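Student: Whatever this is, show me its structure:
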Amino acid sequence: MRNTLLVVLGLLILLITACKEVDKRTITSDEATVLVMEAATAYSIYTSTQEEGTSAGFQSEGMLKSATTTNENYPQISIEPLDLTTWPKTITVDYGPENILGLDNHERRGKLIITADNFPGVSGAEWEITFDDFYHDDYKVEGVQTIAYSGPNASEHPVYTCTVSDGVITSPNGERFYFEQQTQREWISGYDTHMVTSGETSDFCDDNFQITGTHSGTSSDGYAYTMSTTSPLLISNCCRWIKEGVLYIGLEDYDLSCEIDYRPATDTGDDCNNLVSVTVFGESVAVNLP
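Tutor: Down below sits the predicted model:
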């Protein structure tokens, strides 16, 4: 997931080159750059905390079932009540007061506070995540996230509904921007193996997801935007790029929109490559991602 989110951020930066030429009377290129960077950053951070919350859930379940409920190194997980039957539970993921580097190469400090009404693999389970002086790569994170497990779909794939409400990100320079999210994450492979319980990296790399949904926010300059998947994003934990799907970014009030096709018709390479098509008001250009 981390690699995919970094690619989204990189691609959105490339989009500015095209978008900044479109109707400069509505929004300046500097303001557009800030908006897109902040939207991508918020998307990356909140999706990362969803993954952290889910991983903590599976780890908590394993700890309780094995009667191993202490861990000396950060992040430290505490569970209250400390049993297998009482719900809801409060699960605290404490990254400590100093930044620590995770397996996804992101630095975190502070705490995630999770209120869970069941284990994450139980159909109908819902997890609410809040933040206690929590920082992701030195960005302060606030708001409320929920992860609701809908159960397996007709293909027997686990499906999660993920939301962000009242999301606020404060950058290391003090800029504040806002984010809301309503997405569905279908875990299409790798759902029967978990690196947090097995310790095997291969159990991370076999995870593949399809993500659909909508996002909205307000930049630190006060511009409101929407972002949506018009074709599902196909994501693999260990692929550097999004494999396919279409992402749309728009400012309706300012007549500005961009579209990214991660698997254009001209793509004849393998399913993990860096060729995309960027379209701005009907004009498309092929881009090779870094």
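Student: Ramachandran angles for Asp203?
Tutor: Taking degrees, to the nearest 10, you get phi -80, psi -10 for the backbone angles of Asp203.
Student: Tell me which helix or strand comes right after the lengthiest helix in the chain.
Tutor: With DSSP state H setting the assignment, residue counts place helix 29-65 as the longest helix in the chain. For helix 29-65, the following helix or strand on the C-terminal side (DSSP states H and E) is strand 76-80.
Student: Now that next one: buried residues?
Tutor: Ile77, Ser78, Ile79 (16 or more other CB atoms under 10 Å). Backbone N, C-alpha and C define where each C-beta goes, glycine included.
Student: quick one: which of those residues is nearest to His157?
Tutor: Ile77 (26.9 Å; CB to CB).
Student: which residues pair with the closest one across the strands?
Tutor: Val93 (DSSP bridges).
Student: Thr115 too?
Tutor: With DSSP bridges as the rule, Thr115 is bridged to Thr90, Glu128.
Student: wait, isn't it in contact with Trp87?
Tutor: No - using CB atoms under 8 Å, Thr115 is not in contact with Trp87, being 9.9 Å away.
Student: residues in contact with Thr163?
Tutor: Thr163 sits next to Gln145, Thr146, Gln181, Gln182, Thr183 when contact means CB atoms under 8 Å, 6 or more residues apart in numbering.
Student: out of the residues you listed, who's nearest Arg109?
Tutor: The closest of the contacts of Thr163, once distances to Arg109 are taken by CB to CB, is Gln145, at 17.9 Å.
Student: Roughly how far does the residue nearest to the closest one when sequence neighbours are not counted sit from Ile91?
Tutor: Nearest residue to Gln145, sequence neighbours excluded (CB to CB, 6 or more residues apart in numbering): Ile129, at 4.1 Å. Shown here: Ile129 relative to Ile91, a distance of 9 Å by CB to CB, to the nearest Å.
Student: Would you confirm that Lys89 contacts Ile77?
Tutor: No - assessed by CB under 8 Å, Lys89 is found out of contact with Ile77, at 11.3 Å.
Student: Buried residues, stretch 222-233. List them.
Tutor: Applying 16+ other CB under 10 Å to stretch 222-233 flags Tyr223, Tyr225, Thr226, Met227, Ser228, Thr229, Ser231, Pro232, Leu233 as buried.
Student: From Asn208, how far off is the first one?
Tutor: This means Tyr223. For Tyr223, the distance to Asn208 - CB to CB - is 34 Å.
Student: any chance of the buried residues of strand 76-80 in JSON lines, plus pLDDT and distance to Asp166?
Tutor: Converted to JSON lines, the buried residues of strand 76-80 look like this (pLDDT from 0 to 100; distance: CB to CB, whole Å):
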{"residue": "Ile77", "pLDDT": "92", "distance to Asp166": "25"}
{"residue": "Ser78", "pLDDT": "93", "distance to Asp166": "25"}
{"residue": "Ile79", "pLDDT": "94", "distance to Asp166": "26"}
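Student: Asp271 reaches Trp241, doesn't it?
Tutor: No - between Asp271 and Trp241 there is no contact under CB under 8 Å: 9.9 Å.
Student: Can you pick out the residue with more neighbours from these two?
Tutor: Trp241 (23 against 12; other CB atoms under 10 Å).
Student: where does the stretch 1-150 of the chain dip in pLDDT?
Tutor: Within the stretch 1-150 of the chain, the stretches with pLDDT under 70 are 1-26, 29, 32-33, 36, 68-71.
Student: Show me what the closest residue to Tyr191 other than its chain neighbours is bridged to.
Tutor: Leaving aside its sequence neighbours, Tyr191 sits nearest to Pro158 (CB to CB, 6+ apart; 5.0 Å). Beta-bridge partners recorded for Pro158 (DSSP bridges): Pro152.
Student: show me what contacts Pro158?
Tutor: Gly121, Tyr149, Gly151, Pro152, Glu186, Trp187, Tyr191.
Student: mind checking how far it is from Gly124?
Tutor: Distance from Pro158 to Gly124, by CB to CB: 12 Å.
Student: Please apply the same query to Glu186.
Tutor: 17 Å.
Student: of these two, who's got more company?
Tutor: Ranked by neighbour count (other CB under 10 Å), Glu186 and Gly124 place Glu186 first, with 19 against 10.
Student: Can you spell out which residues form a bridge with the more buried one?
Tutor: Here Glu186, judged by DSSP bridges, has bridge partners Val159, Gln210.
Student: Which stretches in the stretch 151-290 of the chain count as helices?
Tutor: 195-198, 202-205 (DSSP state H, counting those that start in this stretch).
Student: Worst mean pLDDT among the ones you listed?
Tutor: Lowest mean pLDDT within those: helix 195-198, at a mean of 66.
Student: Since that was my last question, I'll sign off now.
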